[in-house]
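> Below: sequence and its predicted model.
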Amino acid sequence: MPAYIASMSPFQVRALSGSYAPTNGSSTLLSIMPAMWAGNDNIINPWSGGAKSTAGTKMYVHGGGHNDSSNNGLYSFDFAGAARPTGWFVENAGQTGVSTDIAVGATGAPISVHTYDGMVDMGSTLYRIGGSAYPQGGFTTQMFRYDKASSVWTRLPNWDSSPPQFGGMAVANPAAGKILALERTVSYTGYKFYRVATNNWGTRGNVSNQWLNDGALAYDPQTNTGLCVSGGNGYGIPAFSLSINWSGETITQTARSISGPGYGAALIWDPARGVYWCFGSDGNNTILYEINPTTFGVTSHALTGDAPLTPEATNHGTFGRWVFMDSWRAIGSVASRSSPAFVIRLP
């Protein structure tokens, strides 16, 4: 465990600036933004997050979309280091002027989108599903894969719905080679499994209750049970637990009464402690919520140190803009383009 994390107390927040500033000199996302994106860098504020990384030390940030920004670059913050982290890096600078989809199977920079909770990390690759695209808004069905080693984006088969739109949540299962996507914008109750090896979608299934607005999704790979949280879905339901059958490609949804987390939260499964962690929603910048996966009881832990985690906007959320570093008992994230990245120490 790096010394800069080991010296922290549980539930303490440490902003990575000053004596903890990155060794590569990149204290903020703006400090490494390519010059071609000057004045066009609003990629965190608009309902955008990252890849929900559950392994490694890198947090990926990607977003923009609608009329907020056409910036389709991919950026990372590496928390690896001893006394200080490594810092920000441009993974893929992107391409200006992209406003239409490329063909399925083609490579190239994607349209900038509000990513919501629809981007996942599969280890060697990242996948991005749908989102609200630049510049017209609405919701696309586009899906892209990003290969980390080659730094190449590849267009994949669309999410298929009528009308053709996707805005929602997703989780990756690298062991099964599948991604589970929940759609809350068009069908509202739809879900599908994407098969990574064959690059195709399974048959769309439907659940009985509408998915959550600006929700977040996580799951326990040992029990194949998951959780979806938000401020609600318009019908008084703020959360669902899930039973996931990865081989049969079906899920069972159960409504839960979990109050507090809010819209656009980051939701993380912690296998060491056997709980879900939740933070960074539209109105939460001072609390880390601990959610029991059996009773669904919620324990609120006040964040100390460099909290609050002040966002650029109070009504958009963190979504997947984090990396969970289990062996270091820490979560890494960032709240804005102009503020330093931070770590939250876990017990």
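On my side now, so go ahead. Since the model is a prediction, treat every value here as computed from it, not as a measurement.

> ok, which stretches of this structure are helices?
Here the chain has its helices, by DSSP state H, at 3-6.

> any idea which strand is longest in it?
strand 137-147 (DSSP state E).

> strand partners of that one, parallel vs antiparallel please.
strand 125-133 (antiparallel), strand 152-156 (antiparallel) (DSSP bridges).

> Any idea how many residues pack against Ile3?
Let me fix one detail, which is that residue 3 is Ala and not Ile. 10 (other Cβ atoms under 10 Å). Yep, even glycine has a C-beta here, placed from its N, CA and C like the rest.

> Hmm, Ala82 and it touching each other?
Yes. Under the criterion of Cβ atoms under 8 Å, Ala3 makes contact with Ala82 at 5.6 Å.

> and the spatially closest residue to Ser259 that is not a sequence neighbour, what is it in contact with?
Leaving aside its chain neighbours, Ser259 sits nearest to Pro238 (6.1 Å; criterion: Cβ to Cβ, 6 or more residues apart in numbering). Contact analysis of Pro238 by Cβ atoms under 8 Å, 6 or more residues apart in numbering lists Leu212, Val229, Ser230, Gly231, Gly232, Arg256, Ser257, Ile258, Ser259, Pro261.

> list the contacts for the third one?
So the one you mean is Ser230. So Ser230 contacts Leu212, Asn213, Asp214, Gly215, Ala216, Pro238, Ala239, Pro261, Gly262, Tyr263, Gly264, Ala265 (Cβ under 8 Å, 6+ apart).

> any idea how far Asn224 is from it?
22 Å (Cβ to Cβ, to the nearest Å).

> circling back to that earlier point, if I look at the residue nearest to Ser259, what pLDDT would I see?
Per-residue confidence (pLDDT) for Pro238: 96.

> That one and Gly280, how far apart?
For Pro238 relative to Gly280 (Cβ to Cβ), the value is 16 Å.

> now swap in Thr96 and tell me
Plainly put, Thr96 is 30 Å away from Gly280 if you go by Cβ to Cβ.

> which of these two has more neighbours?
The neighbour comparison of Thr96 against Gly280 (other Cβ under 10 Å) goes to Gly280, with 28 against 14.

> ok, now which ones touch the more buried one?
Taking Cβ under 8 Å, 6+ apart as the contact definition, Gly280 lies against Gly264, Ala265, Ala266, Leu309, Pro311, Gly317, Thr318, Arg321, Trp322, Ser333, Ala335.

> I figured the first one hits Asn284, correct?
No. With contacts counted by Cβ under 8 Å, Gly264 stays clear of Asn284, the gap being 9.4 Å.

> okay, now Leu227: neighbour count?
So Leu227, with other Cβ under 10 Å, has 23 neighbours.

> Now do the contacts for it.
217-219, 239-242, 256, 267, 269, 276, 291, 293.

> ditto for Leu288
Neighbouring residues of Leu288 by Cβ under 8 Å, 6+ apart: Phe11, Trp277, Cys278, Phe279, Ser300, His301, Leu303, Ile344.
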